[in-house]
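Asker: Can you look at this prediction? I've put the sequence above it.
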Amino acid sequence: MSGRTHVCVVGYGVAGQLHHRLLGGLGVRVSVVDPAAHRLSPSLPAFTRIEDVPRRTPVDVWSVCTPTAAHVETVAAVLDRDPRARLLVEKPVCRSWEAADLAALLAKYDESRLVVMNQYAHAAAPGILKAARKEWAPGHPIDAVRIAFGKDRRADIASGRFVDRDYGVFGYEWLHMLALLGTVLPPGVHDRYLATDPGAHDLAVAHDPELTSVAAHDRTRPQDGPTVELYSTIVGPQAGPGCPVPGWCPRTPPGAESRQRLVRVDAGPVSFSLELDPVALPGGTPLPRNMHRLTMRRAEGAREWLIHDSPMENALRWALSTLFAPGAHPAPDLRGLTRIGRLAARARAQEQLPVGASSPAAPRIPTVEVKPS
């Protein structure tokens, strides 16, 4: 990108600061809008409100990194200022009941462009997994896909960060898992999966009176497709529902980063396990950031590959290219948002079942272990 390109980051929390760092690495000029602008470095052009950003230096892209509840309001404020604005919005793009409001905004400002960030939709490692499956399990369809994202967010939640009482656990990592699922399943099967009524799923949720839900395990089989299991927890292995089978939750020692992102694909006699950053050696030594590990297991033995890739940087490059590309621009794909909204609604309905009704108190443990290498 040219150094003349100007991106204004709205919301300077964790996501906003990450956008700033990566955009700066791409040669982009960055300014910031944040209520705490006065506390930021004097060398960083920072403003308290969108309307305070000087018009003499036009903003080429607005990067919306505010909390989800403020996304639609922020998008509306940007479009009111510039009806042809290009916007990059962190996921989830909005709360599920705001989808119609967002669609109406984009229809009203039909010369604007908006893309939604979802870094794992642009990760290189799943593509390598897909190629390895075609080479090492030719002729075998996918039998099962299992994806597990775990992170201990209790310290963040206690400090008021990353608190999602609208979607509960589904608002944290679930869109990432759905993005990865879309890179693994054939497109038609993925479409059918997203269209499946969540009522037909085997869904178990760990509820929490303050946080709505803290862990969930969803199991289903789309028409003509493999078994699909998604599991996520935001409370770590020692709280809430407890730790599922080994390999399905953060296993890092106290004080280390308690996070794990796993994908397993079974195809005939071969199993592929993809561990996404952070990845550690068998003895616990962490590998550098943006290192991922793909392991293939079959009767003849196992093979392992290390992959260096930054999904976040890939996603930012894709977003900027898409926003500046000529020609018609498609509307954002909100099917994942609809999916997590319906799952969250089903979870709330489960919590409110009368005494004696069947409602699991904690996620049913997956039966297949994703073993670390």
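Answerer: The structure has been received and is ready for your questions.

Asker: tell me which residues of stretch 148-165 are tucked away?
Answerer: A148, F149, G150, K151, D152, R153, R154, I157, F162, V163, D164 (16 or more other C-beta atoms under 10 Å). Quick note: C-beta positions are derived from backbone N, CA and C, even for glycine.

Asker: Select from the residues you listed every entry located in helices.
Answerer: Mapping these onto helices (DSSP state H) picks out R154, I157.

Asker: which ones among the buried residues of stretch 148-165 are found in strands?
Answerer: When DSSP state E defines the strands, the subset of the buried residues of stretch 148-165 inside them is A148, F149, G150, K151.

Asker: which residues pair with the third one across the strands?
Answerer: So that's G150. Under the criterion DSSP bridges, G150 forms beta bridges with T233, Q260.

Asker: Going by neighbour count, which residues of the strand or helix carrying K134 are buried?
Answerer: With the criterion set as DSSP states H and E, the secondary-structure element containing K134 is helix 125-136. Applying a neighbour-count criterion of 16+ other C-beta under 10 Å, one finds A125, P126, I128, L129, A132, R133, W136 buried in helix 125-136.

Asker: repeat for stretch 337-348
Answerer: Residues of stretch 337-348 classed as buried: L337, R339, I340, G341, R342, L343, A344, R346, A347 (neighbour count, 16+ other C-beta under 10 Å).

Asker: Can you tell me what sits against it?
Answerer: Stretch 337-348 is touched from outside by 92-97, 99, 166-168, 170-171, 174-175, 178, 194, 197-199, 201, 203, 205, 207, 212-213, 216, 218, with contacts defined as C-beta atoms under 8 Å, 6 or more residues apart in numbering.

Asker: now with 6 Å?
Answerer: P92, S96, Y167, G168, F170, W174, L194, P198, V205, S213 (C-beta atoms under 6 Å, 6 or more residues apart in numbering).

Asker: can I get the ones in strands among the buried residues of stretch 148-165 in TSV with distance to V75 and pLDDT?
Answerer: Formatted as TSV, the entries for these read as follows, by distance: C-beta to C-beta, whole Å; pLDDT from 0 to 100:
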residue	distance to V75	pLDDT
A148	32	90
F149	27	90
G150	31	85
K151	27	84
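
Asker: Present those as CSV; the columns should include distance to H329.
Answerer: Supplementary listing: these in CSV, determined by distance: C-beta to C-beta, whole Å:
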residue, distance to H329
A148, 34
F149, 30
G150, 36
K151, 33
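
Asker: Widest-spaced pair of those?
Answerer: Taking every pair in those and measuring C-beta to C-beta, the maximum separation is 10.9 Å, between A148 and K151.

Asker: Helices of this structure, start to end?
Answerer: Listed in chain order, the helices of the chain (DSSP H) span 14-25, 71-81, 99-108, 125-136, 154-158, 174-184, 187-195, 311-324, 335-351.

Asker: what's the spacing between the last one and its chain's center?
Answerer: Centroid separation between helix 335-351 and its chain, computed with C-alpha atoms, centre = their mean, to the nearest Å, is 16 Å.

Asker: same deal with the third one?
Answerer: Between the centre of helix 99-108 and the centre of its chain there are 22 Å (C-alpha atoms, centre = their mean).

Asker: show me the contacts for R192.
Answerer: For R192, the set of contacting residues under the criterion of C-beta under 6 Å, 6+ apart consists of P222, Q223.

Asker: Look at it and report its pLDDT.
Answerer: Reading off the confidence values, R192 has pLDDT 92.

Asker: From R298, how far out is it?
Answerer: To R298, R192 is 29 Å away according to C-beta to C-beta, to the nearest Å.

Asker: What of D277?
Answerer: For D277, the distance to R298 (C-beta to C-beta) stands at 25 Å.

Asker: Which of those two has more residues huddled nearby?
Answerer: Neighbour comparison, D277 and R298: the larger count goes to D277, with 22 against 14 (by other C-beta atoms under 10 Å).

Asker: Could you list the low-pLDDT ranges of this structure?
Answerer: 1-3, 160, 200, 236-258, 352-373 (pLDDT under 70).

Asker: The residue nearest to the spatial centre of it: what's it in contact with?
Answerer: Central residue check for the chain by C-alpha atoms, centre = their mean: the C-alpha nearest the mean position is that of H176, 2.7 Å away. Each residue near H176 by C-beta under 6 Å, 6+ apart is listed here: Y120.

Asker: Could you count how many residues lie near the closest residue in space to R154 that isn't next to it in sequence?
Answerer: In space, and not counting its chain neighbours, R154 is closest to V235: 6.0 Å by C-beta to C-beta, 6 or more residues apart in numbering. Applying the criterion other C-beta under 10 Å, we find 23 residues in the vicinity of V235.

Asker: What about the closest residue to G268 other than its chain neighbours, how many residues nearby?
Answerer: Once its chain neighbours are removed from consideration, G268 has its nearest residue in H140; the separation is 3.1 Å (C-beta to C-beta, 6+ apart). Residues contacting H140 under the criterion other C-beta under 10 Å number 14.

Asker: quick revisit: close enough to count as contact, the residue nearest to R154 and V214?
Answerer: Yes - counting by C-beta atoms under 6 Å, a contact exists between V235 and V214, whose distance comes to 4.6 Å.

Asker: Wait, D309 touches H122, no?
Answerer: No - because the distance of 9.4 Å does not satisfy C-beta under 6 Å, D309 is recorded as not touching H122.

Asker: rewinding a little: out of the ones in strands among the buried residues of stretch 148-165, the closest to R303 would be?
Answerer: For R303, the closest of those turns out to be A148, at 21.9 Å, with distances computed as C-beta to C-beta.
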